[in-house]
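1. A predicted structure for the sequence below; I have some questions about it.
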Amino acid sequence: MSRFSKASLSGALVLAFATLAGGTALADGKYSGVGRPATRAEIHAWDIDVRPDFKGLRPGSGSVDQGQEVWEAKCASCHGSFGESNEVHTPLIGGTTKDDIKTGHVLSLVKGDAPQRSAIMKVATVSTLFDYINRAMPLTAPKSLSNDEVYGLVAYLLNLAEIVPADFVLNEKNIAEAQARMPNRNGMSTDHGMWPGAPASKGGIGNGGKPDVKNTACMSNCKTEVKVASLLPVYAETAHGNLAEQNRAVGPVRGKDTSGKAVTVAAAPAPLSENAAAAKLANDSGCMACHGVANKIVGPGYNEVVAKYKGQADAEAKLVAKVKAGGQGVWGAIPMPPQGHLKDGDIRSLVKWILSGAKAQ
Amino acid sequence: MADQPTQRGRVRPAPENFLTETDILAVKEGRRDFLRNALLTASATLAGGTAARAADGDPNILTLPAWTTSLGQPVAARPYGLPSQYEKGLQRRESPGLTRMPQVSVSFAPLQGLFGIITPSGLHFERHHQGWVDIDPSKHRLMVHGTDDGFLKQPKVYTVDDILRLPPVSRMHFIECGANTGMEWGNVAVPTVQYSHGMLSCSEFTGVPLRLILEDCGIDWKKAKYVLAEGADGSSMTRTIPIELVQSDEVLVAYGQNGEMLRPENGYPLRLVVPGVQGVSWVKWLRRIEVGDKPWATKDEAIHYIDLMPDGQHRQYTSVQECKSVITTPSGGQILLDKGFYNISGLAWSGRGKIKRVDVSTDGGINWRPARIEGPVNSKCLTRFNIDWVWDGKPAILQSRAMDETGYVQPGYGQLRAVRGSKSIYHNNAIQSWKVTEGGEVSNVQVL
């Protein structure tokens, strides 16, 4: 419990705690000592959501002009000057008409001829725009806008979609008028079976979980012909990189080579650098079980070996002999076992590599 | 592959790049003997031995490899373990061109190579709306309050210490993005199961039922109809959750994932777990729960995650992930190396409960056979199925069709489109088809 951890509690919180809880509320519950009352200020700081009925909306105002100014400075780079850009995200504005504002249902959605769906074509509730801009935009500095700036930005976007006039000043009172003109305000349906709570008939949403699509578990001769309606377009196969490298290289199947490169017989792996080869040899030969590059394990760290033999011309020959024959006493009482099973040339490479600093690459 | 001496070649099946142009041609023409030739070449080349030497047996047996004749690595050489260097192919990946900013994007889990039902935490799919964050747990708070004063006796603040003190439960559940398979509504668009179905993962989650926390705040269950969950990241993602699901004890405030804390990409230190419901409701970096009596129509339930129907209406608050399945191997972009025995394996799941049955067809849906369901079979959890298949080298179309405990049967593309058209983006649970050619190439197709 945070009460007992001095590190995590500021003086202010301790004070708030004492004032609000009085220490008694906590002992009452089943989980005594867990959690503490939230202060009014804390709830105010985080409870910023705005519902479709504008519950949660804080009073304020912003004109279309003010909104445009903030928009140009903080939003246009990604969304375009008129909310039309498709660069970073799908367009915010576009595709709605004066008629849609009357009917409350975007006609191009009904006709199915809209090339793209902008946010304003879809959204039914103006509260959503306010709530979202306030909590999440601009993308790189969310929650940096003032309440009035958010009002202005919403006013500007509504003006772009011709929902409000250019001289409009949006505030907490007239936002309901804007709602009444949202072009797709009647475009939402909750008559489906995919809400996991109480159905509309019981004050909730949807039809209570009745699926709209039905299939049966037919087992044999279920149809007379197999109609392939769509095949993978060639560009889509190669657009996702080399599928051979996206599958396991062992097992009953392999990934298809979609690299577009000529198929070669047994592609040779890229040769290792001299250092990398020596590092691999040290690993494979078991040296690294007893030596660290920069730390002692059983034997000295290679950095210590370098330091000890710095400037000694005969060091290489001496150490090759030592590694081959093994021995003890130079670094302590623990012996190094003879490493004579390695080729002389390999031992020499290893010692050279150690004395040159045992670099990985 | 009939002659004895070459049988051992199966020990080193030919990767693609061992095949010469002539071999490839042979595959395209549907000749199956190409493999034997390719394998002989491959093993001769690689082992560095002569053909005569190879006749004595497999050089991988006759010549002891380095790992058998040397000292291995020390313990804790990698204090947080990593997969083998040979498993690099299986990674989460973005689908090129799908999104425009990597912080506002998706990476897909490599279902084509996963076994069983649990997704390794490092391969769990990602969907972020404003980048992912790694939150200092000592500074993280969960606030629980009501839209008005009447919903809770006492709005409260919990530290992560507090949440970890409460009695936990551990449960396995799948999480699927509502837009999984969304690119395929109109036509085939992506080559592999990673991109077609990889916004799907399954973990064992550990956490505290949200019901318990709300009761600790003295909730008035009669007044409460919905809760709003909110994240602590820049997007402060919000979603409306029905109170009935909370009351059922299924909704968790989770901190554990597969035995360790949640990964930051998955919401460290706290996330909501909403079994059976699309991933967007599983709010990550959970910082706030508000109890209210009306839904909120947040951005991701009023501009996105709404399903466009053929009549031009959008369905709002579609949340349940209906019964679905997919064969993960053999699957799109793979190549069968030989005729003969294969284990067809896949995953089935339902947001409405347990999987009851999975049927598999190898002839494009004319005839079906029931698959073996591997345990455990949990509610709202991935379920693995397997079925034997002997491939005769002829063209085939592989499909799976799942049924859940409510009796609902996964629909075909024709059935789904007849009701919902092809523009709804979300909740595509159609039967997936993989076409196998004579050459053994598997590709994504749609069958009505």
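-> Ah, there it is.

2. For chain B, give me its nearest residue in chain A.
-> In chain A, the residue that lies nearest chain B is residue A:197 (2.2 Å; Cβ to the nearest Cβ). Quick note: C-beta positions are derived from backbone N, CA and C, even for glycine.

3. Next up, the contacts around residue 123.
-> This is for chain A. Counting by Cβ atoms under 8 Å, 6 or more residues apart in numbering or on different chains, residue A:123 makes contact with A:129, A:182, A:184, B:302, B:303.

4. you looked at the wrong chain, it should be chain B
-> B:90, B:91, B:92, B:109, B:110, B:114, B:201.

5. Let me have these in a markdown table, extended by pLDDT.
-> Formatted as a markdown table, the contacts of residue B:123 follow (pLDDT from 0 to 100):
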| residue | pLDDT |
| --- | --- |
| B:90 | 97 |
| B:91 | 97 |
| B:92 | 97 |
| B:109 | 98 |
| B:110 | 98 |
| B:114 | 98 |
| B:201 | 98 |
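
6. who wins for most neighbours among those residues?
-> Most neighbours among those, by other Cβ atoms under 10 Å in any protein chain shown: residue B:201, with 27 neighbours.

7. Could you list every helix and strand in contact with the host helix or strand of residue B:443?
-> Secondary structure assignment for residue B:443, by DSSP states H and E: strand B:442-447. Judged by 3 or more Cβ pairs under 8 Å, 6 or more residues apart in numbering or on different chains; DSSP states H and E, the packing partners of strand B:442-447 are strand A:228-231, strand B:334-336, strand B:396-404, strand B:433-436.

8. I'd like to check the angle between it and strand B:396-404, please.
-> Angle of strand B:442-447 versus strand B:396-404, following axes from the mean of the first three to the mean of the last three Cα atoms, to 10 degrees, is 60 degrees.

9. Name the strands paired with strand B:442-447 and say parallel or antiparallel.
-> Here strand B:442-447 has these sheet partners by DSSP bridges: strand A:228-231 (antiparallel), strand B:433-436 (antiparallel).

10. Not counting that strand itself, show me its contacts.
-> Contact with strand B:442-447 is made by A:226-232, A:237, A:253, B:184, B:187-188, B:190-192, B:196, B:330-336, B:364-365, B:397-399, B:412-413, B:430-437, as judged by Cβ under 8 Å, 6+ apart.

11. Now the buried members of those.
-> In those, burial by neighbour count holds for A:226, A:230, A:232, A:237, A:253, B:184, B:188, B:190-192, B:196, B:330-336, B:364-365, B:397-399, B:412-413, B:430-437, counting by 16 or more other Cβ atoms under 10 Å in any protein chain shown.

12. Find the closest residue to chain A in the stretch 201-350 of chain B.
-> For the stretch 201-350 of chain B, Cβ to the nearest Cβ, closest residue to chain A: residue B:242, 2.2 Å.

13. ok, now how distant is the residue nearest to residue A:315 when sequence neighbours are not counted from residue A:355?
-> Using Cβ to Cβ, 6 or more residues apart in numbering or on different chains and skipping the chain neighbours, the partner closest in space to residue A:315 is residue A:309 (3.8 Å). Using Cβ to Cβ, to the nearest Å, residue A:309 is found at 7 Å from residue A:355.

14. Tell me the residues that contact both of these two, please.
-> With Cβ under 8 Å, 6+ apart as the test, residue A:309 and residue A:355 both reach A:315, A:319.

15. Okay, buried residues for stretch A:319-331 please.
-> A:319, A:320, A:322, A:323, A:324.

16. no, scratch that, I was asking about stretch B:395-410
-> So for stretch B:395-410, counting by 16+ other Cβ under 10 Å, buried means B:396, B:397, B:398, B:399, B:400, B:401, B:402, B:403, B:404, B:408, B:409, B:410.

17. looking at this, residue B:211 is in a helix?
-> Yes - counting by DSSP: H, G, I helix; E, B strand; the rest coil, one finds residue B:211 located in a helix.

18. wait, isn't it in contact with residue B:246?
-> Yes - if you go by Cβ atoms under 8 Å, residue B:211 and residue B:246 touch, sitting 5.5 Å apart.

19. and residue 346, what element?
-> Answering for chain A, as no chain was given. Judged by DSSP H and E, residue A:346 forms part of helix A:344-355.

20. actually it's chain B I care about, not the one you picked
-> Using DSSP H and E, residue B:346 maps to strand B:340-349.

21. With just CA atoms, put stretch A:299-309 into CSV.
-> This file holds the C-alpha atoms of stretch A:299-309, laid out as CSV (Å, rounded to 0.1, in the frame of the first residue of the first chain):
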residue,chain,number,x,y,z
GLY,A,299,40.4,-17.5,-16.4
PRO,A,300,41.4,-13.9,-16.9
GLY,A,301,39.3,-11.5,-19.0
TYR,A,302,40.9,-10.9,-22.4
ASN,A,303,41.2,-7.3,-21.6
GLU,A,304,43.4,-8.3,-18.6
VAL,A,305,45.5,-10.5,-20.9
VAL,A,306,46.0,-7.5,-23.3
ALA,A,307,47.0,-5.2,-20.5
LYS,A,308,49.5,-7.7,-19.0
TYR,A,309,51.3,-8.4,-22.2
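
22. Name the residues of that stretch that are buried.
-> Those would be A:299, A:300, A:301, A:302, A:303, A:304, A:305, A:306, A:309, for stretch A:299-309 by 16+ other Cβ under 10 Å.

23. As JSON lines, those with pLDDT and secondary structure would be great.
-> What follows is the buried residues of stretch A:299-309, written out as JSON lines (pLDDT from 0 to 100; DSSP: H, G, I helix; E, B strand; the rest coil):
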{"residue": "A:299", "pLDDT": "86", "secondary structure": "coil"}
{"residue": "A:300", "pLDDT": "91", "secondary structure": "coil"}
{"residue": "A:301", "pLDDT": "91", "secondary structure": "coil"}
{"residue": "A:302", "pLDDT": "92", "secondary structure": "helix"}
{"residue": "A:303", "pLDDT": "91", "secondary structure": "helix"}
{"residue": "A:304", "pLDDT": "92", "secondary structure": "helix"}
{"residue": "A:305", "pLDDT": "92", "secondary structure": "helix"}
{"residue": "A:306", "pLDDT": "91", "secondary structure": "helix"}
{"residue": "A:309", "pLDDT": "92", "secondary structure": "helix"}
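
24. So stretch A:37-45, near chain B or not?
-> Yes - counting by Cβ under 8 Å from any Cβ of the partner chain, chain B has neighbours in stretch A:37-45: A:37, A:38, A:42, A:43.

25. Would you map the strands across the stretch 151-300 of chain A?
-> Counting by DSSP state E, counting those that start in this stretch, the segments of the stretch 151-300 of chain A that form strands are A:169-171, A:188-189, A:228-231, A:253-255.

26. Where does pLDDT dip in the chain?
-> This is for chain A. Scanning chain A for pLDDT under 70 picks out A:1-29, A:262-271.

27. that's the wrong chain, I meant chain B
-> Looking along chain B with the criterion set at pLDDT under 70, you get B:1-54.

28. show me the contacts for the residue nearest the centre of it.
-> What sits nearest the mean C-alpha location of chain B, by Cα atoms, centre = their mean, is residue B:200, with 2.8 Å. Contacts for residue B:200 were tallied using Cβ under 8 Å, 6+ apart; they are B:109, B:111, B:125, B:174, B:175, B:176, B:177, B:180, B:347, B:349, B:382.

29. Check which strands are paired with the strand holding residue B:346 and give the direction for each one.
-> strand B:324-329 (antiparallel), strand B:383-391 (antiparallel).
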